[in-house]
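**Student:** Based on what follows, work out the 3D shape:
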Amino acid sequence: MDKVRIGIVGTGYVGNLHGQIYSQDSRAVVSALYDIVPERAERTARAIGGRVCSSRDELMENCDAVLVCAPNKTHPEIASHAVAQGKHVFCEKPFAIGIDEARKLLETAQSSDRVFQVGHNRRFAPVYVRLSELVGGDVPHSAHIKMNRGELKNPVWTGDTDVTGGFLYETTIHLFDMMRFQFGEIEELVAYGSQHEYPELDEFSIIFKFKNGFHCTFASSSDASWHFPFERIEVFCHYRTILTEEMERLFDSRGFDHRTQDIASYSCHMLEKFEKWGYLQEDRAFIDSILGGTPPPVTALDGFKSVELVESVYEAIRTGEKVRF
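**Tutor:** Prediction:
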């Protein structure tokens, strides 16, 4: 295979984002595009190339790898179609909506000998890679995490549960996956939620306990304004705090008091968004896995686990009971 032929299903914002990255990767070529709104696919073709297809079947005939970038609830159907056609699959988050759909897609993905990668881009963001290095070199005991949105009005579909599957699936799921990436597997959780601005649960407070003894609090709000930073992780170690501010920067503070305190910083604000948010690195990793025949860095099981966490939080709120894994 000289170049991996990329087919993109769904040419909205994130489909174009990945398409632009692959159009500049010498190991890949954007070869096929499909969108239920043909004019949208045509605009993308004019910008980055690729054949505009009239059906998903036509797209499958003209690519080696399929990027699933359509609305959340369509991910399992499109990804399963691509696996059945023997394609490599990059499935944007969320992996699926609901545990039954997620389990079926996991079985489908694991039955394939092709690459199946899930789009949890934050694992590749330099700030979170640096956090992982620092956490790995110490013994953190607890953390506080928040993942907010300013609103669910722009774009309009972010407030439509028929499209998103629920608030936790659209934004918060990013840091649910990040918790497993940084701190390991979760043993149990308790959660509280309420509904204020939108016709769904839109405010959450959660406590997670991990199998290694680590524990953390987690807050997520859908109408918190876009006050900086809308996402943040504070990790607490022995006389040490490691703090991230979105994917812009990280602070590492050590010391017993102000006389001994030493604060180091790591900034990414000069990077282009594609690299700062990890999209560039995750797309390169997908091609690396296809050409190298190696497992992807974010697997179908990782995608399933993130859906399992979302559904477990909703269950804990609905029942008022602790959820154990």
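**Student:** Pretty sure residue 161 sits against residue 201.
**Tutor:** No: between residue 161 and residue 201 there is no contact under CB atoms under 8 Å: 9.8 Å. C-betas here are computed from N, CA, C, even on glycine.
**Student:** what's near enough to touch residue 323?
**Tutor:** Contact partners of residue 323, counting by CB atoms under 8 Å, 6 or more residues apart in numbering, are 188, 189, 190, 191, 312, 313, 315, 316.
**Student:** Generate TSV for these, with neighbour count as supplementary columns.
**Tutor:** Formatted as TSV, the contacts of residue 323 follow (neighbours: other CB atoms under 10 Å):
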residue	neighbour count
188	16
189	21
190	16
191	23
312	20
313	26
315	14
316	20
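**Student:** Isn't residue 21 up against residue 278?
**Tutor:** No: between residue 21 and residue 278 there is no contact under CB under 8 Å: 11.1 Å.
**Student:** Which neighbours do the two have in common?
**Tutor:** Counting by CB under 8 Å, 6+ apart, no residue touches both residue 21 and residue 278.
**Student:** All the helices of this protein, residue numbers only.
**Tutor:** 13-23, 38-48, 56-60, 75-84, 99-110, 126-136, 161-164, 167, 173-183, 273-276, 279-292, 300-319 (DSSP state H).
**Student:** Deepest-packed of the ones you listed, please.
**Tutor:** helix 167 (a mean of 26; mean count of other CB atoms under 10 Å).
**Student:** Give the rounded mean pLDDT of that one.
**Tutor:** For helix 167, mean pLDDT is 96.
**Student:** Contacts for that helix next, please.
**Tutor:** Contact partners of helix 167, identified using CB under 8 Å, 6+ apart, comprise 149, 152, 198, 200, 201, 202, 220, 222.
**Student:** what's the neighbour count on the nearest residue to residue 38 once chain neighbours are set aside?
**Tutor:** Distances taken as CB to CB, 6 or more residues apart in numbering place residue 52 nearest to residue 38, at 6.6 Å, with adjacent residues excluded. Counted by other CB atoms under 10 Å, the residues lying close to residue 52 total 20.
**Student:** now swap in residue 271 and tell me
**Tutor:** By other CB under 10 Å, the residues close to residue 271 number 16.
**Student:** beta partners of the residue nearest to residue 38?
**Tutor:** For residue 52, the beta-bridge partners under DSSP bridges are residue 33.
**Student:** distance of it from residue 62?
**Tutor:** 11 Å (CB to CB, to the nearest Å).
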